[in-house]
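Chemist: Quick one: sequence and predicted model below, then my questions.
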Amino acid sequence: MDSVRCVGLYKTYKQGDQIIIGLDGVNLEVEQEGFACLQSPSGAGKTTLLNAMGGLDRPDGGEVYVAGKRIDNLSKGQLAEMRLHNIGFVFQAYNLIPVLTAMENVEFVMQLQGVPASERAMRAREALNEVGLEGLENRRPAKMSGGQQQRVAVARAIASRPAIVLADEPTANLDSSSARHLMELFAKINETRGTTFVIATHDEMAMSYAKRLIRMRDGKIVEDQLQET
Amino acid sequence: MTATAGIVFRLAWRNLWRNYRRTAIVLAAIVAGIWAMIFMIAFTRGMIESMVSDGIRSIPGHVQIHHPDFRNDPTVDNLMPSPGGELAAALGGEDVVAWSSRVRVPAVISSERGSRGVTLLGIDPVAEVPISFVADDIVEGRHLENERDRGLILGRRLLERIETDVGKRVVVMTQGTDNEVVDRGFRVVGVFESEIASTEEAFAFAGRAALQDLLAIGDQVSEIAVLGKNRREAEQLHRRLAETANAEVEVLPWYELNSYLGTTMRTMDGFVIVWIVVIFLALSFGFVNTLVMAVFERVREIGLMMALGMKPRTILAQIIAESLLLLAIGLAVGNILAWATIHLLSDGIDFSFVGEGLEIMGAASVLKPSLGIKDVLLSTAIVLGLGFVASLSPAIRASRYHPVAAITKE
Amino acid sequence: MSITLRLAWRNLWRQPRRTWLTAGAMVFSNVLLIFLIALQLGTYQAMIDNTLSAFSGHLQVQQAGYKEKQRIRQVVPRIRDVAEDLRSGLGLNSIAARGEAFTLASSESRTYGVLIIGVEPEFEPRASRIPSLVSEGRFLDNPDAPEIVVGDILALNLKAQIGDELTILGSARDGSFAAAVVNIVGIFDSGVDELDRSLAQMPLEFFQETFAMEGAGHAVVINAPSLFEVEAVAEKAKSLLPGGQNLVVHDWNDLQPGLRQAIQADLIGSWFMYGILVILVMFSVLNTQLMSVLERTREFGIVMSLGLSSGRLGRLVLLETVLIGLIGLTLGVALGGIATSWFEAHGFTYPGMEEMASQFNIPDRFYPDLNAISLFAGPTVVFVGSVLAAMYPMARLHWLQPVQAMRSA
C-alpha cells in the first residue's frame, strides 16, 4: 500500500498580480518505507507539493490520499486531526516551540494525540537518544545549535510514529557536517523503523541519501528514478 | 482531553513570562485596577453599611407599626392601643429579637435661657436597649431606669443650645388630647451623643409611662419598633406582622420608613456593577493591545503548532487561557492588596474634616471599608467574563491563521 | 512638516491596531471624565443654589456667637437701619433683615414647635426664594400685620389652611412670655423638607413687637450677584457695619458647613476614581511605547550607527506619544462634548434619583454643566499623564548601544 498518493494535483497562487502555477497535474505515489527526495529549483513546486501531501494546504484540483484516506476534501479541523496522527514534519527552520524544552517539544504531538504521560516520556526519551541528544532533554531551543534543533524536530517527528515524515529543506540552515549527520539519521530511521520519508531539497549531498529521486520543473514532475545509496 | 488541557495551560503560562516586561506592565495595570475596584467597593459598602445601620437605629427597628394616619399626622390623635392578643403573640415570634412600644410627640423644651422644638420619645428603657441608640451613647448622667422614670435624656447639642445641664429642670410643652397644650417640668438626668450630630438636637427621651401620664392617654402608644434578626430578613418579618395585624394599624419595613436608605441600598448594587465595568473597560484597551501583540509576534509558532496537528479550537483555547491566566493573577494580587489595605484601615478612615457633609448623606465621619465575599465573587466573575469576551477577537484571529502562510512569514 | 514629525506619524501607522487601542483607552477615559466632571459641576451648582437661595443666602450679618447658640437676646440692634446702610453701601437690593424665634405654634387642633422668621416683606423676596415659592395664598405684604406664611408640611401637620388662625407661644427677648395670634395668609413649598416642616415667616415689625425686640433683629441676609463675588461683598459689608456691637459677617460655608463638606466628601471619592482612570491610561501608553521601542531596537541601532543621536530618537518617541495623545484628546473632547451636551439639554436620571435628590436639595434630573473646565480638565490631565508615561521608554534609548542593538533580533 502507498503511504501517500497524489492524483492530478493542480494549484495556482498569486504573487503580486502575477498568477503562478505551483502544481500542474502532478501524479505521485510514495510507497511505504520509501525514502524519496523531491528536487527542483526554488519556486518550481516542491514545497507546494509537500504542503499538499501533508494536508497543510489544499490543492485547487486533484486528490490526495494519506494512508489510503482521501484528505484534500477535509475541513481545517479534520486536516489538523489527520496531520496529528499520520504526518511528522521537519521544517527548514523554526521547528520548535520556543517556550518548551527539547523533551517537551518531542512530547508535544503525543500529548495532543492523547498518549498517556508515562508512555509519552518513555518514547520521547527513546527518540532523543536515537537522534543523539541524550542529556539535552531540558534545554530550551534558544540554547541549542541549529543542528541540535533539527534533531529535536526529527525526534518529535518519529516519536509520534507517523506514517510519513515530510521534511522541507531540513539541511538548508546547517553546516555540512550537521547536514550529513541529519541525513544519516533519516536513513537510519527509515531503515530501522520503516518510516516513510519525503524530503524536499536542492542539496546534492542530501539527495545522495535518497532511494528515489523525483525532479520537478514548473509544477510538473520531469524525472522520477530509483537510485542506489 | 486532559493532556491537551495540560499542554494548553503550560504553553499559556510559559508564554505569559516570555515578554516579562510587557506582562509586568499589564499586570501592574490590572493589579492597580482591581485594587481600586475592590477597595472602592469595600469603601462604599462600608459607608452605606454604616448609613443603613445608623439609619435603622434611628428609625429605629426593621419594622414599625403605627396608626395608619400617624405618619402624616404624628400626634396624640393617632395612637393605638398597647399591643395585645394576636399582635403580642406575633411579636413574640422567633424572628423578633426585640420590640418596644413608644410614645412619640412633637414638643418644645425650654430652659430659662432658650427653647427648642424636638421630637419627644416616651420609651421603656429596658425594652429599648437592643433597638435604639440611647443606651450605649449616654455620656453623662444616667439612663432612664424604667418606663416610669420622670427624668429626661437630651442630646449634647440641644443641651448646649438651651444652656442647661444634667440635674437642672426644663419645661416640656406639648399638645395633649383635645389640642390642650400641656406642660410639665422634667429633670435632665442624662446626655447622649450621636455620630449624626443633628440627632442630638432632634430627639429627647422620657419614660413612656411618665409621658402617657402627662398626655393623659392611658396605655396607648404611637409606634411599635420591631427588631428582627437582620435587616435582610425585614421583608419576611414585615409580611408576617402585616398579616397578623388588623387593618387599624399600618406595618412598614425600614426601607419604606426611610425611603432614602432603601433607595441608597438598591442604587449601591448598581454602582458596584457600573464601577467594575468601568474599571475593566479602562483596563481592556491595554489588555487587548497586549494580546494582539502577543498573537502577532507568535504567528510562526502558532502556524507550527497547527502544522503539527493542533486544532484551531485548541489554538483559540490557548490564547484565551493565556488572557484569563493573566487576569486571574491580576485579580488574585489585586484582591490580596485590597484586602491588606482594608485590613490596615480596619479602624476606619477619619473623614471628620468633611463630617458635616457626610452627615447630609446620612453617613458617619469615620468610615470603615467592608469587603463582602459577594462583591469579590461578582467582580471576579465580571472581570473574567468580560476578559473572555475581550480576548475572543485576537484568539479567533490566531485560530484562523493558515499554517503554511504563518510558518513562512518573515 | 518636519522630517521627524513625518517619521513619527508614519511609525504610528505601522501598527494601526495598537495605535487605535492606545488612543481608544484615552478616548474612553476622556469621555468618561468630561461627562462625570460636568455632572459634578452641574450637581454642585444645583446643590449650592437650591440650598442657599432657598433660605440662608450667601452671607449673614449676626451678632458674634449667635450662629452657635441662637439665643434670642444675641441681636443686631436697629436692624432695619443696618440693612438699609448695607443696601446703599453695597449697591445691592438683595439684602433683607430678619428676626428669628423658636416658638410653639398651635392651630385649632394641633401644636408644633416652629422656627418663626420675622422678615421685611419688601426686601425678603429679593433675598431668598421662599416668598416666590408660595404655592397657596400670598406672601406677606404689610410690615406690621399679624400675618404668617408657613411651610406646606407644617400646614399639613397643623391641619391648618389659608385664613386659619395660629397661636404663637414663646419667650421674648427680655425673657418674658411672648404670645400672638396670627392669620395664615400663605403656604410655601420650598422643596427642602426641613424648611417646609419647621419654618414660618411673619412681618418683621410685627415680630419685633411680639418678641419685645425693640427694633433689633438677628440676621441681615446678603446675596452677592454670584458665588464668585461673595468674598468681595463680605469684605465690603464688614467695613459698613456699625462699630462696637460685636457684629460679624458669616459666609455660606459658615452658615451651611455641611454643604461645602458634602461637596468635598464627594470630591474625595471622585478624585480617587479619576486618578485610577488616568493611571490605567498611563499604563496603557507605557506598555505601547515600551513595546514599540523594544521591537525597533535593531532599527534604532542602525540609525544611531549612522550618526543619529539618542536625543533625536527620544524626541521621535516623544513625538509619537504626543501624536497618539492628540488623537485621544481630540476624539475624546469631541465625543465627550457631544455626549455631555446631549445630557445637558435633556437631563439625566436614574432609578432612585428622586430620593437622592430630596436628600441633597437638587432637582430630580441631573443637568451636567459643560464648560471649558469640565470639557478640558480631564483630557488635559490624561494627555500630560500619557506623555509622562512615555518617559521610561524614552530613557531606555539613552542606554542603547548601537552595535549591541543591531545584533539583537
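Modeler: Received, thanks. Numbering: from 1, shown residues only, chains lettered A, B, ... in the order given.

Chemist: Test my guess that residue B:271 contacts residue B:44.
Modeler: Yes - assessed by C-beta atoms under 8 Å, residue B:271 is found in contact with residue B:44 at 6.7 Å. For the C-beta atoms, the positions are set from N, CA and C on the backbone; glycine is no exception.

Chemist: The closest residue to chain C within the stretch 101-250 of chain B - how many residues pack around it?
Modeler: Across the stretch 101-250 of chain B, no residue is closer to chain C than residue B:117, which sits at 2.0 Å (C-beta to the nearest C-beta). Residues near residue B:117, counting by other C-beta atoms under 10 Å in any protein chain shown, number 22.

Chemist: what does residue C:68 give?
Modeler: 10.

Chemist: same check, this time on residue C:124
Modeler: 23.

Chemist: Could you double-check that it sits in contact with residue C:96?
Modeler: Yes - counting by C-beta under 8 Å, residue C:96 is a contact partner of residue C:124 at 4.7 Å.

Chemist: residues touching the residue nearest the centre of chain C, list them.
Modeler: Centroid-nearest residue in chain C, with C-alpha atoms, centre = their mean: residue C:44, separated by 2.8 Å. Residues in contact with residue C:44 (C-beta atoms under 8 Å, 6 or more residues apart in numbering or on different chains) are C:263, C:266.

Chemist: Can you show me the strands along chain C?
Modeler: C:59-63, C:95-106, C:111-119, C:134-137, C:147-151, C:165-171, C:177-188, C:199-203, C:219-222, C:247-251 (DSSP state E).

Chemist: ok and the residue in chain C nearest chain B?
Modeler: Counting by C-beta to the nearest C-beta, chain C gets nearest chain B through residue C:113, at 2.0 Å.

Chemist: Just give the nearest non-adjacent residue to that residue, would you?
Modeler: Excluding the flanking residues, the one nearest residue C:113 by C-beta to C-beta, 6 or more residues apart in numbering or on different chains is residue B:117, at 2.0 Å.

Chemist: I'd say residue C:321 and residue C:286 touch.
Modeler: No - taking contacts as C-beta under 8 Å, residue C:321 lies outside contact range of residue C:286: 9.8 Å.

Chemist: Find residues that contact each of those two.
Modeler: What both residue C:321 and residue C:286 touch, as defined by C-beta under 8 Å, 6+ apart, is the set C:389, C:390.

Chemist: and the closest residue to residue C:137 other than its chain neighbours, what are its bridge partners?
Modeler: Spatial nearest neighbour of residue C:137, chain neighbours left out: residue C:186 (3.7 Å); criterion: C-beta to C-beta, 6+ apart. In this entry, residue C:186 is beta-bridged to residue C:137, residue C:149, by DSSP bridges.

Chemist: The residue nearest to residue C:113 and residue C:114 touch, don't they?
Modeler: Yes - if you go by C-beta under 8 Å, residue B:117 and residue C:114 touch, sitting 6.8 Å apart.

Chemist: Give me the common contacts of those two.
Modeler: With C-beta under 8 Å, 6+ apart as the test, residue B:117 and residue C:114 both reach C:102, C:104, C:198.

Chemist: So what sits opposite the second one in the bridge?
Modeler: When bridges are taken as DSSP bridges, the partners of residue C:104 come out as residue C:113, residue C:169.

Chemist: picking that back up, tell me if the residue of the stretch 101-250 of chain B closest to chain C really is in a strand.
Modeler: Yes - under DSSP: H, G, I helix; E, B strand; the rest coil, residue B:117 sits within a strand.
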